[in-house]
Each structure stands twice: as C-alpha cells, then as structure tokens.
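# Compute the structure for the input listed below.
(one chain, ligands or ions: 1)
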Amino acid sequence: MKTIGIIGGGQLGLMIAEQARELGVRTVCLDPAADAPAFRVCDDRIVAAYGDAAALEELCRRSDAVTYEFENVPGDILIPLCEKYNIPQGYKPLYDSQDRLREKSNARAHGLRTPGFEAVDDEASLREAVRRLGLPAVLKTRTLGYDGHGQRVLKTESDIAGALPLLAVPCILEEFVPFDSEASIVMVSDGERVVSFPVGRNVHRDGILDLCIVPAEVDSGVLGRMKAQSERFMRDCGYRGILAIEYFIKGDETYFNEMAPRPHNSGHYTIEGATTNQFRELVRYLVGEPLQEPQPVAPAVMKNILGQDLEAAEKIAAENFPGVYVHLYGKTESRPKRKMGHITFVGMDAARFEAEWAGRFVK
Ligand code: AMP
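Numbers count the residues shown, from 1 in each chain. Predicted coordinates for the structure are as follows:
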C-alpha cells in the first residue's frame, strides 16, 4: 500500500485524505494544530510547524510521495527535501505563486494576459504607479495574502493615505478590472497529459469565494480559450500535479488573477458534480496511476459555509435532500468568515439556487 504525505491538514488535506482512502492509499499529514481537520481521516499524523525541517523530513521518510495543501512552505526547507525525496510537484510552482509580482510576471512571460501591475515599496513608488496605471487600482501585499486579506481598493487619490500601512511590506499595485465575471479552472498534469475540470464561475463576498457555479454560464468561446491557454500554460511552465488558475472575464478577454498549485476551493464541486474529482486525480498522479478525464455529471452550485452559515448548513444536512451534499470540516472553532464547510447542490443552476436556497444563508 502506498503512502502520500500531505504538508497541511486543513480542509484540502482532509479531502485529499478522504479520496486517497477510497483509492486504497494511506496518508500521513503534517500540521501545526493538533485538531487539524485532516487528522480525523489520515492514517498517520505529525504535529509540527511548517518551518520545522526535521518534522518535514520525517513526513517525507514516512511517504512514497509528498504534496502540499499549504502554499507558504518556505523554499529553504522544501528545496533540499525535493532533492532527497519524492515531492513530484517540486518547489517551482510554489515559488512562482508565493509572490504576486513573480506570479503575474511569470503568467505574462508565458503569454497570459494580466491586469497592468507595478511593484511598489513606499509612498513615492505608489504615487508613481497610480500615475502610470490610473485609478481605480488595487494595492496588494506581494506575499501571504489570501481571501482578500492584505489588499485595498484605491478609488481616488484620497484613498492613498489610508492604504499606506500596507506598505510595511513590499506590495504590488494592480489595475482594477471591472470584470463581468470571475472564473477558475483546475488542472492535473502527469507531465505528459493535462486533464482539466469544467470551469466554474465564481462569486465572491468580502473577497472570499461564496459560490461556484458550473457550467460557468459564460460564452463558450471564452471558456474554450481559457481551457486551451491554461493547459498550454501548465505544460509550458513544466508544472506537474495540480494547478488552479483564477481569471477575471471582461467581454471576450480573460485576465489571469492568480494561481495555486494545490486543490482549489472552486474545485470542491467536482466531488459530486463530476465523474472524478480534483482530490482523486491528484492522488492518482502522486501514486503513478493514469489520470482520468473528468466529465460533468450535472449542473452544480457549490456554496461555501463560513462561520456565520454553519447553523443553516447543519439544518440543511439534517433535512437530507437528494442531490444536496453537505461537507462540514469539523473545525473546532467557528468564526465569521472562517471556512467551516461547503455544500454542493447537484442538478442546480444559479437562478434556482437564488430562488430556492440563497435565503437560508446569512446575507
Ligand atoms: P485575490 O486575493 O487577488 O484573488 O483577490 C480577491 C478578490 O478581489 C478577487 O477575487 C476579486 O473579486 C477582487 N480583485 C482582486 N484583484 C482585482 C483587480 N485587479 N480588479 C478587480 N477586482 C479585483
């Protein structure tokens, strides 16, 4: 029996471990929190900080292949481990995605359109970047930003003063894209073949993913180009394993926003909404099984359950509706805006979700 090591024991680690178990693959998981969600399901655990080199080495020793669900594993620890152990995705996709400036430069260098952007380090370079890119614009920290944390929209010059505290760390200023919609694609590559999951249209609330709607209800030509350019990008960059890319769509144009070399929140619908799912294909890749091309089984809407939605989700789970799949991650502390679970509604479109279900959640 093969064993996969997972760096990170959050909900992504939990769902990798669940799918691995179904495929007869063991998992060992490393996370700093003794009550991490994945520890409920994985076969073996290591409680240690992500920066603990000895613990990460122990994880590698206990595994046939290692992956990460945590994006900020430091390179100085991971690179030496990649030389000694089987970490088939390697450090490169993490390195390329850990800094927004590098990430967007890399996307552009490989032919993807991005919003205009400039590196900014202080007030003078921010004012200069505002002059060049115009307003509105979005100021973001280059590293460690997620779910809208570490960013600020600048609408007028008078917003600059309030944004200066972000400049305690290096930042990037991006042109604001008045998008029609946001969408993302998840792909898995074995180095030769790339399989991709049907594109989801993403609706965010307060910078956090709220809904993912599949099919994306976006022009089919735009979707076809998004799939082709994303698969080409993954190949050209030489990435293996799993990669998600988020885009803004404006008219016929797609703009690369960001990428993540791990399962993605917008891909959770694949568990019930497609013939194979993002976690399963990642596991298949890691243990050297041939990849399966996913097919959608029905339209689906995935609703994220944040702390404020937990009660509603528990009620819905108890009602046991056919086609409604409630996933609660078992996090011990519930907070507003913390991802506590998700629900996938299979056989559902956006209009019906709004009419029949949206009212059950906190607005
Ligand atoms: P991010 O963390 O970069 O994915 O940003 C979180 C959310 O903020 C995105 O999903 C968008 O809804 C919004 N956003 C970020 N950057 C831009 C931009 N350049 N133009 C318009 N909206 C943006």
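
# What residues does the stretch 1-150 of the chain have near the ligand?
With Cβ under 6 Å from any ligand atom as the criterion, the stretch 1-150 of the chain meets the ligand at residues Pro115, Val138, Gly145, Gly148. Just so you know, the C-beta spots here come from the backbone N, C-alpha and C atoms, and that holds for glycine as well.

# For the residue most central in space within the chain, which non-adjacent residue is spatially closest?
Centre of the chain computed as the mean C-alpha position; nearest residue by Cα atoms, centre = their mean is His264, 3.2 Å away. Ranked by Cβ to Cβ, 6 or more residues apart in numbering and with sequence neighbours excluded, the top spatial neighbour of His264 is Ala244, at 3.4 Å.

# before we move on, what about Asp64?
Lys2 (4.6 Å).

# who's in contact with the strand or helix carrying Glu272?
In this assignment (DSSP states H and E), Glu272 forms part of helix 270-273. Applying Cβ atoms under 8 Å, 6 or more residues apart in numbering, the contact partners of helix 270-273 are 15, 186, 197, 214, 276-279, 294, 296-298, 300, 302, 325, 327, 344, 346.

# Tell me if I am right that Thr344 is in a strand.
Yes: counting by DSSP: H, G, I helix; E, B strand; the rest coil, Thr344 falls inside a strand.

# separation between it and Phe279?
If you measure Thr344 against Phe279 using Cβ to Cβ, to the nearest Å, the figure is 13 Å.

# ok, the two, which is more surrounded?
More crowded of Thr344 and Phe279, by other Cβ atoms under 10 Å: Phe279, with 27 against 22.

# Let me see the domain layout of this protein.
3-87, 116-175, 181-360 (automatic domain parsing).

# average pLDDT for the shortest one?
What it means is domain 116-175. For domain 116-175, mean pLDDT is 94.

# Arg102: how many residues sit nearby?
Arg102, neighbours per other Cβ under 10 Å, totals 15.

# whoops, Ser97 was the one
By other Cβ under 10 Å, neighbour count at Ser97 equals 22.

# And for Ala119?
Neighbours around Ala119, by other Cβ under 10 Å: 15.

# wait, doesn't it sit right on Pro170?
Yes: Ala119 is within contact range of Pro170, at 7.0 Å (criterion: Cβ atoms under 8 Å).

# For these two, list the residues in contact with both.
Contacts common to Ala119 and Pro170, judged by Cβ under 8 Å, 6+ apart, are Leu101, Arg142.

# And the pLDDT for Gly323?
98.

# roughly how far apart are it and Ser189?
From Gly323 to Ser189 the distance is 31 Å (Cβ to Cβ).

# Which one of the domains of the chain lies nearest to Arg100?
Checking these against Arg100 by Cβ to Cβ gives domain 116-175 as the closest, at 4.9 Å.

# what ranges do the helices span in the stretch 51-200 of the chain?
Secondary structure of the stretch 51-200 of the chain (DSSP state H, counting those that start in this stretch): helices located at 53-61, 75-84, 92-97, 100-109, 123-133, 160-163.

# tally of neighbours for Ala54?
Ala54: 8 surrounding residues under other Cβ under 10 Å.

# roughly how far apart are it and Pro296?
For Ala54 relative to Pro296 (Cβ to Cβ), the value is 44 Å.

# Repeat that for Phe256.
24 Å.

# okay, the two: which has more neighbours?
Phe256 (23 against 16).

# Would you confirm that the more buried one contacts Thr114?
Yes: taking Cβ under 8 Å as the definition, Phe256 is a contact partner of Thr114 at 4.8 Å.

# any shared contact partners between the two?
With Cβ under 8 Å, 6+ apart, Phe256 and Thr114 have common neighbours Lys104, Ala107, Arg108.

# Tabulate the residues you listed (TSV), appending pLDDT and neighbour count.
Shown next, in TSV, are the shared contacts of Phe256 and Thr114 (pLDDT from 0 to 100; neighbours: other Cβ atoms under 10 Å):
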residue	pLDDT	neighbour count
Lys104	98	22
Ala107	98	22
Arg108	98	13
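
# Closest to Ile6 out of those residues?
Ala107 (26.6 Å).

# so the closest residue to that closest one other than its chain neighbours, which of the three states?
The shortest distance from Ala107 to any non-neighbouring residue, by Cβ to Cβ, 6+ apart, is to Phe256 (4.3 Å). Secondary structure assignment for Phe256 (three-state DSSP): strand.

# next one: phi and psi at Leu23?
Backbone torsions for Leu23, taken as degrees, to the nearest 10, come to phi -90, psi 10.

# Nearest residue to it in space, please, no chain neighbours.
Val283 (5.6 Å).

# give me every residue that touches the one you found.
Ile4, Ile16, Gln19, Ala20, Leu23, Val25.

# one more time with 6 Å
Gln19, Ala20, Leu23, Val25 (Cβ atoms under 6 Å, 6 or more residues apart in numbering).

# what sits up against the longest helix along the chain?
Secondary structure of the chain read by DSSP state H shows that its longest helix is helix 220-237. Helix 220-237 has contacts (Cβ under 6 Å, 6+ apart) with His110, Leu112, Ile185, Met187, Ser189, Val194, Ser196, Val199, Leu243, Ile245, Thr254.
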